[in-house]
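J.: A predicted structure for the sequence below; I have some questions about it.
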Amino acid sequence: MVILNSFPIITREIRTKIGYGASTYNFSFDFNGTRFPLESSSTEGSLNSNTNRAEVLKMEDPNGRWHPRSNNLNVDMMCVINAPRFLFGSKGVAAIKSTVGIGILWTAKDAGIRGVFPIGEIKSTDNGPIEIIGSVSFQPHTLRGILSLKTILYLKDAGDAVEDEKYLANRPGTILGTMDETRVIIDGKGSLFPIIETNSPGEPLWWVKCEWADATQDSFSDNFSIYLNRANKNYPSLNENDGLKKSPLLQEIIAGALQILITNVLSDTAACTDTINGQNLAPGSVSAVVNYFLHSLDIDANINDPQGMALQLRRSLFGRL
């Protein structure tokens, strides 16, 4: 579909003339009052201000704590415009006396939400290079699937246009163009399990919730959780801020939770065979995750030998940690 605009918008030529340096992103989350970085790596495409290709990033928490269901997501971005003057005037996209805004247009289609965060502005009198830095924060249980982040320019203030600028955009809020796009995979292996903190006096240090109806179809991230109880006297012994690799107690909790998960799924006669064989499983389902663990950890799917499964599971899991 071809979209015809009644006013000039950002083109490849204009991106080149203004010396646009494509957006770079850093991700983090807050845990127990401390901000922790998330690692990101490109999975496909290339981030290029002169193309329409979108970079696709996959996030991972090296300590295995982050999960979109129970943790927030902080997004920090930076981009550069070396010669902003070429945005203005009759050969640009906005009148000389106008103000151009810069924003992050974000869309989480799977979650059915979208929005715009203004992060800066440019005037024709600004000398380059201009470095634009912005931040966006998403609350827990807000995102899933793919998060699209587009850096856009829009008309913030129309100003007074001279005669040869009358055909330029003149309505504040008008999007003048997309500079680049980055897509972030939210549902992935950022965390081994969804971990939720609770404050429940009199309750044990940890427990799990298994809430699926059909393990082969129901989402793992929405139906399985580990709960850690901050009110329990042994909670400080978890040393969560040091990460999974440095917390033997947290490692044991993960191993115990994984054994409960596997046992519950394989005890279901209707789901057992398909789970083991990896057949008829919805992507991201409880059974799909169990199938992954069975094969990646080389666990014998024998629920009649819980002692053997516990030993085998810990040897493989702790060996990898």
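T.: The structure has been received and is ready for your questions.
J.: all contacts plus neighbour counts: C-alpha atoms, from now on.
T.: Noted.
J.: so residue 288 is in which element?
T.: helix 286-296 (DSSP states H and E).
J.: Tell me which other helices or strands that helix touches.
T.: Applying 3 or more CA pairs under 8 Å, 6 or more residues apart in numbering; DSSP states H and E, we find helix 286-296 packed against helix 220-223, helix 248-266, helix 269-277.
J.: Between these, which one is closest to residue 16.
T.: The closest of the helices and strands packed on helix 286-296 to residue 16 is helix 220-223. By CA to CA, the value is 42.7 Å.
J.: confidence score at the nearest residue to residue 223 once chain neighbours are set aside?
T.: Spatial nearest neighbour of residue 223, excluding adjacent residues (CA to CA, 6 or more residues apart in numbering): residue 211 at 4.9 Å. Per-residue pLDDT puts residue 211 at 92.
J.: Please renumber the chain so that the first residue is 197 from this point on.
T.: In the new count, where the first residue is 197, that last one comes out as residue 407.
J.: Number of residues surrounding residue 407?
T.: 13 (other CA atoms under 10 Å).
J.: That one contacts residue 416, correct?
T.: No: the criterion here is CA atoms under 8 Å, and residue 407 misses it with residue 416 at 9.4 Å.
J.: quick revisit: tell me which of the helices and strands packed on helix 482-492 lies nearest to residue 367.
T.: Closest to residue 367 of the helices and strands packed on helix 482-492, according to CA to CA: helix 416-419, at 42.9 Å.
J.: Can you check my assumption that residue 282 lies in a helix?
T.: Yes: with DSSP: H, G, I helix; E, B strand; the rest coil as the criterion, residue 282 is assigned to a helix.
J.: which residues touch it?
T.: Applying CA atoms under 8 Å, 6 or more residues apart in numbering to residue 282 gives the contacts 210, 213-214, 288.
J.: Make a markdown table out of the helices and strands packed on helix 482-492 and add distance to residue 325 and mean neighbour count.
T.: Shown next, in a markdown table, are the helices and strands packed on helix 482-492 (distance: least, CA to CA, whole Å; neighbours: other CA atoms under 10 Å):
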| stretch | distance to residue 325 | mean neighbour count |
| --- | --- | --- |
| helix 416-419 | 44 | 19 |
| helix 444-462 | 48 | 18 |
| helix 465-473 | 56 | 16 |
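J.: Ok, which of these comes nearest residue 397?
T.: Nearest of these (CA to CA): helix 444-462, 19.1 Å.
J.: List every C-alpha atom in that closest one, with coordinates, as CSV.
T.: What follows is helix 444-462, C-alpha atoms only, in CSV (Å, rounded to 0.1, in the frame of the first residue of the first chain):
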residue,chain,number,x,y,z
PRO,A,444,23.4,-22.0,46.5
LEU,A,445,20.0,-21.6,48.3
LEU,A,446,18.4,-20.0,45.2
GLN,A,447,19.9,-22.7,43.0
GLU,A,448,18.2,-25.4,45.2
ILE,A,449,14.9,-23.5,45.0
ILE,A,450,15.1,-23.4,41.2
ALA,A,451,16.0,-27.1,41.1
GLY,A,452,13.1,-28.0,43.4
ALA,A,453,10.7,-25.9,41.4
LEU,A,454,11.8,-27.4,38.2
GLN,A,455,11.3,-30.9,39.6
ILE,A,456,7.8,-30.0,40.7
LEU,A,457,7.0,-28.6,37.2
ILE,A,458,8.3,-31.6,35.4
THR,A,459,6.5,-34.1,37.7
ASN,A,460,3.2,-32.3,37.5
VAL,A,461,3.2,-32.2,33.7
LEU,A,462,4.4,-35.8,33.2
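J.: Which of the helices or strands spans residue 314?
T.: Using DSSP H and E, residue 314 falls in strand 309-319.
J.: ok, now how distant is the residue positioned nearest the centre of the chain from residue 279?
T.: Nearest to the mean C-alpha position of the chain, counting by CA atoms, centre = their mean, stands residue 382 at 3.8 Å. From residue 382 over to residue 279 the distance is 35 Å, taken as CA to CA, to the nearest Å.
J.: Right, I'll leave it there.
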